[in-house]
Structures are given as structure tokens and as C-alpha cells.
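Undergrad: please work out how this folds:
(2 chains)
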Amino acid sequence: MNFIYDLHRTMMSQKLILVYQGDFTQESTKSILSMAERNLDSSGEESSIKRKVFNVMVEALQNIVKHSDELVDGQIRSHAAIFLIGKEANRYSIMSGNPVQKTNVPKLKKNLEQINGLDKDGLKELYKEIIKNTTISDKGGAGLGFVDMARKSGGKLEFEFPEMNADYCFFCLKVNVPRDNE
Amino acid sequence: MEILNLEGTEDTPKIILDKKNGIFEISGRSLPEDSAEFYRPVLEWIEAYGGESNPSTDFVFKLEYFNTASSKLILDVLSALEDIKGMKILWYFHEDDEDMEEAGQEFSELVEIPFEFKTY
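TA: Numbering: from 1, shown residues only, chains lettered A, B, ... in the order given. So this is what the prediction gives:
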């Protein structure tokens, strides 16, 4: 059972304060949010930072609920995704990982790269542009999640797409929220 | 007109739309699973109200948090309010919540309704 200790040590060394793996639904989203909120409250975190972390968490979690692709590998069908929060001296990191079909990767990458190419004002303009013209998709999204996360973070969205198999990549996203409030 | 009264939950806002008593308020948290579905009765109520509105209406937004899918629906609500005479938006934000203040400012740039900003 060494893996338990290994996992514990990884969480400690990576400064993870919350890890959830499994099925993501609106119900699990609410539970994860209230757990994280309690954690932030008990640590006495500043309310403006708490709000930003909460904000990024909601978008990251609802992205998984709405967009994570079901992994089909032979007999195995899985919705499993992962969500993590890290806390370092100078920042929180909100991280997620979920399977996406390879065919969806280029569009996702292009979207993220466009957002990372914009400064504060550019992001504000893009946000207003999208909100004016968007309609809520069948999946219930407005197409604003990444833009909002970038605005709340004030930094770049970090992402990678390691390959899972011939058809899927694992979309890893990391959004940092600074703790030193300017 | 019927009163629209929705109790707030951990992921949906409290909503009171009461023509007779002049109370029009959306407050709390908004991150419903299906934002379009959640706001549908609100939009329908406003559409009906538009046909028989009070001489003036102060519509209060006192939101603690809303997700991006809700922000689109909030814009839809504001757009529906835009055509009603005597409409004014009272946008409340917590005094140290710059993001909520900025969100209100952005909405005010997207619709032609007077906004008044207030802290709580």
C-alpha cells in the first residue's frame, strides 16, 4: 500500500490542498466548491482573492461537466476527470484534467492561444464581443469560461495535451491566482 | 400580475419580481447547471411586465457571484428591461469587490439603461 504514502507525498510536495477524481456533475461541483470555500475561509484568506479562486473554480468545474469527452477504449467507457487546487506562498493554482477527443484539440488550442495573446484590455474587449454575440450552446455554455478565467487570473492559462491513446488527449489546464493582491 | 418569487439556493439566486409592491430584485449566487432554463421564467415575466409596467421601475441586482453562463442571461435580462419606460438599474456590489463593480460597468456599456452603483 505504498502508493497511499506516495500519493500523500506527491500532494504535499506539490502543495495540493484539494484533489478530486471521478465523475463530474453539478452536484459534485457544488460539494467541491463548498469544501474549497471552507478551506479558504478557515485559512483566513482575503475575500477578494477568495472570490477570484471561487470564480476560476466554477468555470473550470463546469467546463469539465459540460465538455469532458467520454473516453471509449475497447470495453472501457469513462468520464473520469481530475480537479486539483494548489496553494503556494504567493498563489493558488486551479488545475483540471479531462479527456478530449483529438479532433477537438486544435480548436481548443487555438482558443487558448488567442486568449493568452491578449492583455487586460484585449480580454475585456473579447469578453464583451462574445457576450454580445453568443447564444447559450446545447451544452449550456456561453463560450466565455476561458476568457473569464484569464481575466480573474491576470496571468496566462497554462495548458498541455498529453496523449492518452490513438483517439484521445488529456487536456491539462492550470490557472494561477496570485495571493499578493497587487 | 403574478409575483415571481424564487428562493435562493447555493447555486441559484433569490428572485423577487413584484409589480404591485414595486420590488424587482435578483440577489445572491448564480451558477445554475442550465442557466437558460433557470432564467426563462424571469425573461417571460419581464416580457409580460413590459406591456403594463409601472411609471418607474428600480431593478435591483445584488449579486455575490455569477458564472459566465449566467452573465449571458443577465445581459438577456437587461436587454429585455431596456425597452421598458422609466427603467433604472441599481447595481449593488460588496465594497471590496472590484470585479463585481467592473462587471456592472461592462453591462452598463452594453445596454441603454441608466445604472446606479451602490455598495453594500
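
Undergrad: what's the longest strand in chain B?
TA: strand B:57-66 (DSSP state E).

Undergrad: quick one: it to chain centroid distance?
TA: Computed by Cα atoms, centre = their mean, to the nearest Å, the chain-centroid distance of strand B:57-66 equals 5 Å.

Undergrad: what about the helices in chain A?
TA: Under the criterion DSSP state H, helices of chain A are mapped to A:2-13, A:26-42, A:47-67, A:105-116, A:120-133, A:145-153.

Undergrad: for the third one, give the mean pLDDT please.
TA: Along helix A:47-67, the predicted local confidence has a mean pLDDT of 94.

Undergrad: helices or strands up against it?
TA: helix A:26-42, strand A:81-87, strand A:91-101, helix A:145-153, strand A:168-178, strand B:57-66, helix B:98-110 (3 or more Cβ pairs under 8 Å, 6 or more residues apart in numbering or on different chains; DSSP states H and E). In this view, the C-beta of every residue, glycine as well, is placed from N, C-alpha and C.

Undergrad: which elements pack onto the fifth one?
TA: Okay, so that is strand A:168-178. helix A:47-67, strand A:91-101, helix A:105-116, helix A:145-153, strand A:158-160.

Undergrad: same check, this time on the fourth one
TA: Taking 3+ Cβ pairs under 8 Å, 6+ apart as contact, the helices and strands that helix A:145-153 lies on are helix A:47-67, helix A:105-116, helix A:120-133, strand A:168-178, helix B:68-82.

Undergrad: residues of chain A that sit close to chain B?
TA: A:26, A:30, A:34, A:47-48, A:51-52, A:54-55, A:58-59, A:62, A:65, A:124, A:127-128, A:131-132, A:134-136, A:140-142, A:144-145, A:147-148, A:152 (Cβ under 8 Å from any Cβ of the partner chain).

Undergrad: can you flag the buried ones in the residues you listed?
TA: Listed as buried from the residues of chain A next to chain B are A:26, A:30, A:51-52, A:54-55, A:58-59, A:62, A:65, A:127-128, A:131, A:134, A:136, A:140-142, A:144-145, A:147-148, A:152; burial here means 16 or more other Cβ atoms under 10 Å in any protein chain shown.
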